[in-house]
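Undergrad: Quick one, structure for this:
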Amino acid sequence: MANNKRQNLNRVLRLIFENFFTFGNVPIEIVRGQVGNSRFVYVYVKNQLDCRLEWPDQYGDVNNMIISRYFRKKGFLNLTEENCTRLPLYKAGPGSKKKYWYQDPKRKGIERTALWLKNDIAGYDNYGLPSYIAALVFEMLEYGGASFNLDNIDNNMVIGGAIILSGNLSQEEANRLGRTIKDQHTGKGKVGRVAVFASEEGIENSKFESFDTHKDGSYVLLDDKAMQKIMYANEWDATLAGISHSNSLGKGNGYLNEVYQQKLKTVIKPMQRIVKDGFLDPLLEIADDWLGTQWSKYDLDIQTTKLFNDTTEANTTVDGIEAFLDVIRLVASGAWTQAAAVKFVSARFGLTETEANEQLGVITITPTPPSNVQPKPSK
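TA: Numbers count the residues shown, from 1 in each chain. Now for the predicted structure:
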């Protein structure tokens, strides 16, 4: 377990990625201590709502992270030693680390330090911003469109019409009739009902004027455009998100692999490098110093599951492997050409011809002599 919340390291890493993409900042608390003869190091990903960076010093450096639940209270600025905790920001590398540890007065023998990961944005010195900030307007438009559709289901969002009642009605009775009509004829499942009016005071005439303000098409187009802008701002691709587009239909597994490889190199790997440099490397240094391990000498990294090359039938099922070996035998015996084998493997296992050719590799052809040919007698 990575902490006493029963979170393992995979869970902690997931929280780091989630906070990074949601807030652009990841506050992390590292706790070390000793129980009897056993030492421990715990890691906690803190809630961004409870954490702030201390004001920079005279040299422009931020040295501490402040944790307080009072940050959630609107307008609260009176921070004291009782309602907040100031943790030093740990700096990996050579030198004494004593100044980077806060001695917890409430728990004897417990020391705490902090790490702060951020998505660097030009013009912002200390805090990061999420990449989707570039599409904030389109996110608001998408929300507005969804709200329009929801309100339209409830009551058309705008005035659907006007009911005009003429007769000897008091204002109180008119208000009562209006509330009754609203309750009975607006909302989900109440479309198309017939209104019936009755009054003790007497109604001489009534009329309903409908206002046609329904405009579906513009909101459908707006939602699609907003979705595309939001996807681009999040540095992702609609195809990988499971959203079908006409420009990606029918392109097959090879196209998906190309898109994935592009995002792997431009988004996934750079993000993994940020987490490795800003979190894993300092954590291993702290563990080595406190626990006496030697983990930092290993070049640990975050591995990404291959979505394509290692999940094909050709190398994950017994039948697939046997079929693949049969193809190789046919080529080796001269019964099939390499080109024919490539086309078969591509169609059979859902690979591109380039991938199929790479998996087949160089096959040495050794033709099998016909069975009716008798070997020459030795002299």
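Undergrad: how about residue 52, phi and psi?
TA: Listed backbone geometry of residue 52 is phi -140, psi 160, with angles given as degrees, to the nearest 10.
Undergrad: helix, strand or coil for residue 34?
TA: When classified by DSSP: H, G, I helix; E, B strand; the rest coil, residue 34 comes out as strand.
Undergrad: Only the buried residues of the lengthiest helix in the chain, if you could.
TA: For the chain, the helix with the greatest residue count under DSSP state H is helix 136-155. Neighbour counts using 16 or more other C-beta atoms under 10 Å place 138, 139, 141, 142, 145, 148, 152 of helix 136-155 among the buried residues. For glycine as for every other residue, the C-beta is placed from the backbone atoms N, C-alpha and C.
Undergrad: Could you pull up the mean pLDDT of it?
TA: When pLDDT is averaged along helix 136-155, the result is 78.
Undergrad: packing partners for it?
TA: With contacts defined as 3 or more C-beta pairs under 8 Å, 6 or more residues apart in numbering; DSSP states H and E, helix 136-155 has these neighbours: helix 217-233.
Undergrad: any idea of the mean pLDDT in the helix it packs on?
TA: Rounded mean pLDDT across helix 217-233 is 77.
Undergrad: just the angle between it and helix 136-155, please?
TA: Direction vectors for helix 217-233 and helix 136-155, defined by axes from the mean of the first three to the mean of the last three C-alpha atoms, to 10 degrees, enclose an angle of 140 degrees.
Undergrad: then helix 217-233 to CSV, C-alphas only?
TA: As requested, the backbone C-alpha atoms of helix 217-233 are provided in CSV (Å, rounded to 0.1, in the frame of the first residue of the first chain):
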residue,chain,number,x,y,z
GLY,A,217,-30.8,22.5,-36.0
SER,A,218,-28.5,25.3,-34.8
TYR,A,219,-28.0,23.7,-31.4
VAL,A,220,-27.1,20.3,-33.0
LEU,A,221,-24.4,21.9,-35.2
LEU,A,222,-23.2,24.1,-32.3
ASP,A,223,-22.8,21.0,-30.0
ASP,A,224,-20.8,19.2,-32.6
LYS,A,225,-18.4,22.1,-33.2
ALA,A,226,-18.0,22.7,-29.5
MET,A,227,-17.2,19.0,-29.0
GLN,A,228,-14.5,19.1,-31.6
LYS,A,229,-12.9,22.2,-30.1
ILE,A,230,-13.0,20.7,-26.6
MET,A,231,-11.4,17.5,-27.9
TYR,A,232,-8.6,19.4,-29.6
ALA,A,233,-8.0,21.5,-26.4
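Undergrad: Tell me the helix or strand right after that helix.
TA: Counting by DSSP states H and E, the next helix or strand C-terminal to helix 217-233 is helix 252-263.
Undergrad: Quick one: find the helix or strand in the chain with the lowest mean pLDDT.
TA: Among the helical and strand segments of the chain, the one scoring lowest on mean pLDDT, DSSP states H and E is helix 313-316, with a mean of 49.
Undergrad: Work out the gap between the following helix or strand past that helix and the centre of the chain.
TA: As assigned by DSSP H and E, the chain's next helix or strand after helix 313-316 is helix 318-332. Relative to its parent chain, helix 318-332 has a centroid offset of 39 Å by C-alpha atoms, centre = their mean, to the nearest Å.
Undergrad: which regions of the chain lie under the pLDDT threshold?
TA: 76, 152-167, 185, 187-220, 244-254, 305-321, 350, 367-379 (pLDDT under 70).
Undergrad: just the helices in it please.
TA: Using DSSP H, the helices assigned to the chain run over residues 9-23, 136-155, 171-185, 217-233, 252-263, 269-275, 281-291, 313-316, 318-332, 338-349, 353-360.
Undergrad: buried sites along the fourth one?
TA: For helix 217-233, the buried set under the neighbour-count rule, 16+ other C-beta under 10 Å, comprises 219, 222, 223, 226, 227, 229, 230, 231, 232, 233.
Undergrad: elements contacting that helix?
TA: helix 136-155.
Undergrad: Kindly report the same for the fifth one.
TA: In terms of contacts (3+ C-beta pairs under 8 Å, 6+ apart), helix 252-263 is packed against helix 353-360.
Undergrad: Can you give me every residue that contacts residue 328?
TA: For residue 328, the contacting residues are 341, 360, 363, taking C-beta atoms under 8 Å, 6 or more residues apart in numbering as the criterion.
Undergrad: What about those, which one has the most neighbours?
TA: Each of these was scored by neighbour count (other C-beta atoms under 10 Å); the top score is that of residue 341, with 21 neighbours.
Undergrad: quick one, what contacts that residue?
TA: By C-beta under 8 Å, 6+ apart, the contact set of residue 341 is 327, 328, 330, 331, 356, 360, 363.
Undergrad: Repeat the analysis, applying 10 Å as the threshold.
TA: With contact set as C-beta atoms under 10 Å, 6 or more residues apart in numbering, residue 341 has these partners: 324, 327, 328, 330, 331, 332, 335, 356, 357, 360, 363.
Undergrad: what does stretch 53-68 rub up against?
TA: Identification of contacts with stretch 53-68 by C-beta under 10 Å, 6+ apart yields 25, 27-29, 46-47, 50-52, 76, 79-80, 82-91, 99-100, 102, 112-116, 118, 125-127.
Undergrad: Done for today, thanks.
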